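In: With the sequence up front, the predicted model follows.
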Amino acid sequence: MAPSLHPLIDNGITPGSSSFSGGKLHCHCASNQVEITLDSNVAHNHACGCSKCWKPSGSLFSVVGVVPRDAVSVTANASKLSIVDKDATIQRNACKDCGVHLFGRIEKDHPFKGLDFVHVELSDETGWQEPQFAGFVSSIIEQGFHPKEMDEVRAKFKAVGLETYDVLSPALMDLISTFTAQKSGIRFANL
Ligand SMILES: N[C@@H](CCC(=O)N[C@@H](CSCO)C(=O)NCC(=O)O)C(=O)O
Ligand SMILES: [Zn+2]
Ligand SMILES: [Zn+2]
């Protein structure tokens, strides 16, 4: 059987709703679930093949999007959260019991500072923005995926209408490079 990319992608993509304005996320614990309330839909939602983003078991990819950090609140069982890697750019807050990542926050100077990374599959609601592209695709090889099967993975994304990149999408890479240029003193007119 072909490996699962992600449950939100394998059987085709369901478009989100432009009027949807948020909902709740829950970890996978059977009881005392960590609950996060989001007062916003996600943006830049994407499949991520990197080794750091949380993936549902059996899936090669994570699906992760961003929300303004002011739109994120922990509304139950906050004491179960712990940061996976305090040195990482994205500080991923995971449930100590089930391992699910509830939100990832950037505290250092970074183009995405102010945005939290979240996984909408942890919500029962529908209307979340659908995945827009697949990023860090080649990174799955670093986790043991066979290099010769990469064409099949990229073809599956294409078949459901998603572009694949080995870092992030051009729009996001341009944002990162613009931030880096400005930090080094470059000023662009009419941005
Ligand atoms: N090949 C590495 C890549 C790890 C990586 O750089 N991940 C990205 C994307 S995460 C969501 O898009 C990143 O920005 N990481 C910053 C961080 O994780 O703190 C690997 O697979 O590990
Ligand atoms: Zn849990
Ligand atoms: Zn990632």
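Out: Now that the structure is in, tell me what you want to look at. Ligands and ions are numbered 1, 2, ... in the order given.

In: List the buried residues for the helix ranked longest in the chain?
Out: Looking across the chain with DSSP state H, the single longest helix is helix 170-183. Buried positions in helix 170-183, judged by neighbour count with 16 or more other Cβ atoms under 10 Å: Leu172. (C-beta placed from N, C-alpha, C; glycine too.)

In: chain center to it, what's the gap?
Out: Once both centres are worked out by Cα atoms, centre = their mean, to the nearest Å, helix 170-183 turns out to sit 19 Å from its chain's centre.

In: Any regions of this structure where pLDDT drops low?
Out: Along the chain, segments meeting pLDDT under 70 span 1.

In: who in it is up against ligand 3?
Out: Remark: the part of the chain in contact with ligand 3 comprises Cys48, Cys50, Cys53, using Cβ under 5 Å from the ion.

In: all helices for this structure, in order.
Out: 7-10, 150-159, 170-183.

In: The closest residue to Ser62 other than its chain neighbours: what's it in contact with?
Out: Once flanking residues are discounted, Ser62 sits nearest to Cys53: 3.6 Å by Cβ to Cβ, 6 or more residues apart in numbering. Shown in contact with Cys53 (Cβ atoms under 8 Å, 6 or more residues apart in numbering): Ser62, Val64, Arg92, His101, Gly104, Phe117.

In: Let me know the closest of the residues of the chain next to ligand 3 to ligand 2.
Out: Cys53 (17.0 Å; Cβ to the ion).

In: which residue is nearest the centroid of the protein?
Out: Nearest residue to the geometric centre of the chain (Cα atoms, centre = their mean): Val64, 1.5 Å.

In: what sits opposite that one in the beta ladder?
Out: His46 (DSSP bridges).

In: Now His44: closest residue in space that isn't a chain neighbour?
Out: In space, and not counting its chain neighbours, His44 is closest to Val66: 5.4 Å by Cβ to Cβ, 6+ apart.

In: pretty sure the one you found contacts Val42?
Out: Yes. Using Cβ atoms under 8 Å, Val66 makes contact with Val42 at a distance of 6.2 Å.

In: Now do the shared contacts for these two.
Out: With contacts taken as Cβ under 8 Å, 6+ apart, Val66 and Val42 have Val118 as neighbours in common.
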